[in-house]
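*Asks:* Mind folding the following:
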Amino acid sequence: MTSFPFPRRALVATAFAAVLGACSSTPVDRFYTLSGGPATATPAAASAAPLYFEMRPVTVPAQLRRPQMVVSTGEGTIDLEEHHRWAGPLAEEIGNSLSLGIAARLGGVDVYRSAAPDGSTLYRIGADVQRFESRPGSMALLDVVWSVRRLDGSQPGGQMQTCRTVFQEPVGMGHDALVAGHRAALDKLSATIAQAVRAQAEGQAPACPAG
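*Replies:* Below you'll find the model as predicted:
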């Protein structure tokens, strides 16, 4: 057994305690998803024929193509939240949320990665995110140009509708509140797009929502 004079043993103990303290204070990474938002959808009747749609890959601004959450801290300034990250690429998170929300509302099937039955009408949906802002204690903002194109044999090239919609949700402080705000905005966008698909399916002329 090796013994140290008291001062040396005290230094060793102090150093060991410092190491433990550093380990215990290391931030833990947290991961967030935009899927599984508010379950406000009313699906179509089970007996109705399903609507087939393609949720095309979503595009987002270049500064958002990173795993970290991007938080607005003032006019023209942002922070990258190193320990608060999206579970997947943000564009895919948004696309998955829209696909699930639209399918739930329409009683529809997203066939982007498969195929619609022969002879069926297909609705091709696109979304180009212009702004996706996170302001703690203020708002979660979603600004999207979206489109719905109806494809069937009766109209070469299909019937096209393109709109721009902005949703702004008030949020409290903290990352959980920001994510909840963006989920709520995406839920509303899903409802808006689903309504446009349903209108086209019923033969109505395309019209962008007011506001």
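*Asks:* How many neighbouring residues does the closest residue to Leu51 other than its chain neighbours have?
*Replies:* Nearest residue to Leu51, sequence neighbours excluded (C-beta to C-beta, 6 or more residues apart in numbering): Gly108, at 4.0 Å. Backbone N, C-alpha and C define where each C-beta goes, glycine included. For Gly108, the tally of surrounding residues (other C-beta atoms under 10 Å) stands at 22.
*Asks:* Tell me the spacing between Gly108 and Glu54.
*Replies:* Separation of Gly108 from Glu54 (C-beta to C-beta, to the nearest Å): 11 Å.
*Asks:* Remind me what the top helix by length along the chain packs against, helices and strands.
*Replies:* Longest helix in the chain by number of residues, with DSSP state H as the criterion: helix 175-201. Contacts defined by 3 or more C-beta pairs under 8 Å, 6 or more residues apart in numbering; DSSP states H and E place helix 175-201 against strand 30-32, strand 68-74, helix 90-106, strand 122-135, strand 139-151, strand 159-170.
*Asks:* quick one, what contacts Lys188?
*Replies:* Lys188 makes contact with Phe167, according to C-beta atoms under 8 Å, 6 or more residues apart in numbering.
*Asks:* what do you get for Ala180?
*Replies:* By C-beta under 8 Å, 6+ apart, Ala180 lies in contact with 140, 171.
*Asks:* Please apply the same query to Glu81.
*Replies:* Glu81 sits next to 68-71, 175 when contact means C-beta under 8 Å, 6+ apart.
*Asks:* Mind pulling the model confidence for Gly36?
*Replies:* pLDDT for Gly36: 75.
*Asks:* again with the one 4 residues further on
*Replies:* With respect to pLDDT, Thr40 scores 47.
*Asks:* got it, and Ser24?
*Replies:* Model confidence at Ser24, expressed as pLDDT, equals 52.
*Asks:* So Pro57, which state does it fall into?
*Replies:* Per DSSP: H, G, I helix; E, B strand; the rest coil, the secondary structure class of Pro57 is coil.
*Asks:* returning to what we had before: tabulate the contacts of Glu81 (CSV), appending pLDDT and neighbour count.
*Replies:* Listed next are the contacts of Glu81 as CSV, based on pLDDT from 0 to 100; neighbours: other C-beta atoms under 10 Å:
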residue, pLDDT, neighbour count
Gln68, 94, 16
Met69, 95, 23
Val70, 95, 18
Val71, 94, 17
His175, 96, 17
